[in-house]
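**Q** Here's my sequence, what's the structure:
(one chain, ligands or ions: 1)
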Amino acid sequence: MKKNTHNPVLITKILENLQPKSLKKIVDATFGLGGYAMRIFQSGFTGKYLGIDADKHNLDIAKKNLIEFDKQLSFFNGNFSEISTIVQSNGFEDADAFIFDLGLCSTHVDNPERGFSFQSEGPLDMRFGNQELNAETIVNRCPPSELCNIFEIYGEEKLAKKITDEIIHIRKKTPITSTSQLAGIVTKVYESVGIFSKKRHPATKTFQALRMAVNDELGVIKKALMETIKIMKPLSKIYVVTYHSLEDRTVKEIFRQAKKGGNVKWINKHVIIPDFEEVKSNRRARSAKLRIVEKLKDM
Ligand SMILES: C[S@@+](CC[C@H](N)C(=O)[O-])C[C@H]1O[C@@H](n2cnc3c(N)ncnc32)[C@H](O)[C@@H]1O
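**A** Numbering: from 1, shown residues only. Next up, the predicted model:
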C-alpha cells in the first residue's frame, strides 16, 4: 500500500451490497483518505459523491488521491454531527447511500503532533477537527470523578481509579502536557499492581478513552445516525463500520429503535465481519463490524 492511502476495511462486503453502478448519489461521512471512494469509483460508480471529514489535512490528501474523479466529487470539511445541514446545503438529501467508517486514520497515529499515539512524543491533542477541547484540557482540568468516568466508560479501563489518582497527584505539581508523559504515568500505575504485559501497551485504553471524550465520538454518531434516518429517502441505506464494542452497541441500539418505530429494516440480520484473509492482511480490520439498514418510509 502507498503511503498516504488507506487500506479500506470491509470494502468488498460494502461493494457487494452497495452495487455502485446502480446509484446516483453517495454521502461518505468519514471520507478520510478516500479509500472507500477510490474503490467505489473503480467499481463503475458514475454518480455524484459527497466526502465529509472533520480533518482538513486528510481531505487535502484525499483530493490529490482522487484527482481523476474530481468532476464527480464534492468535499465538505466539518463534523458529521451536522450531517443534515451539510447534506441539504450540498444537495445530497436524496442520496442512495450514507457511509460511516468510524474512528481514526493512520495519518492521525503516524503524526506525533496530533497527539493520538502513546508510542511517540507529542502534545496531548487528539482532536479530529478544530474544536477547542483537547486531551490536555481534559487531563489537567477535569474533576477527578469525571476523569475516572471517562477512563471507565470509554476505555473500559479496570485501573481507572488508580490512573485518575496518579494523574491528580501529578497535575497538582506540574501540568501533564505530552503523550509520553501520560503514557509513562499509566505504565507506572500498571507496574505498581504487577502488570507488565508485552502484548498491549498499558496506555491503550486510557488513550482510546481520551480520544473518544475529546471528539464526543458516541454523542456525535448517535446524533448523526438519528438525523440521517430522518432525512434520507425511502430505500436509501446507511452503512456503518465500527471498531470497538462501545461504538457497535451505540449503532445497534439506534438502528434497533428506528426499526421498532417502523422507519428502517436490517439488511444484514447478523453483523458482518471481515474474513480471515482480510484480517491477516490488514490488522486494523480485526475488530471491524459492518451494519446496514434501509429506510422504509418518509418520516
Ligand atoms: C477510519 S477513517 C476513514 C477512512 C476512509 N473510509 C477511507 O477509506 O479512507 C475515519 C475518518 O473519519 C474522520 N472523522 C472521525 N470523526 C468524525 C466526525 N465526527 N465528523 C467528520 N469526520 C470524522 C476522521 O478524521 C478520519 O479521517
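**Q** need the helix or strand of this structure with the lowest average pLDDT.
**A** Taking mean pLDDT, DSSP states H and E as the measure, helix 106-110 is the helix or strand of the chain with the lowest mean score, a mean of 88.
**Q** Quick one: the helices in the chain, in order.
**A** Counting by DSSP state H, the chain has helices at residues 11-18, 35-42, 56-65, 83-89, 106-110, 135-141, 144-153, 160-173, 179-192, 204-214, 217-231, 245-260, 276-281.
**Q** Now the fifth one: buried residues?
**A** Neighbour-count burial for helix 106-110 flags 106-108 (criterion: 16 or more other C-beta atoms under 10 Å). Quick note: C-beta positions are derived from backbone N, CA and C, even for glycine.
**Q** Would you enumerate the residues in contact with Pro234?
**A** 295-298 (C-beta atoms under 8 Å, 6 or more residues apart in numbering).
**Q** what about 6 Å?
**A** Counting by C-beta atoms under 6 Å, 6 or more residues apart in numbering, Pro234 makes contact with 295, 297.
**Q** where does whatever residue of the stretch 151-299 of the chain ends up closest to the ligand land on pLDDT?
**A** Per C-beta to the nearest ligand atom, Val220 is where the stretch 151-299 of the chain lies closest to the ligand, at 4.5 Å. pLDDT, Val220: 97.
**Q** The ligand contacts on the stretch 51-200 of the chain?
**A** Residues of the stretch 51-200 of the chain lying close to the ligand (C-beta under 6 Å from any ligand atom) are 52-55, 58, 79-81, 101, 103-105, 128.
**Q** between those, which is nearest Arg291?
**A** Among these, Asp101 lies closest to Arg291 (C-beta to C-beta), at 12.0 Å.
**Q** So what's the residue count around the closest one?
**A** 25 (other C-beta atoms under 10 Å).
**Q** Could you do Pro8 as well?
**A** 22.
**Q** What distance do you get for it to the ligand?
**A** Going from Pro8 to the ligand by C-beta to the nearest ligand atom, to the nearest Å gives 4 Å.
**Q** Counting neighbours, what do you get for the closest residue to that residue other than its chain neighbours?
**A** Distances taken as C-beta to C-beta, 6 or more residues apart in numbering place Gly35 nearest to Pro8, at 3.6 Å, with adjacent residues excluded. Number of residues near Gly35 (other C-beta under 10 Å) recorded here: 22.
**Q** Distance check, Gly35 against Lys259.
**A** From Gly35 across to Lys259, the span is 29 Å (C-beta to C-beta, to the nearest Å).
**Q** name the helices or strands packed onto the least confident helix or strand of the chain?
**A** If contacts are counted by 3 or more C-beta pairs under 6 Å, 6 or more residues apart in numbering; DSSP states H and E, helix 106-110 sits against no helix or strand.
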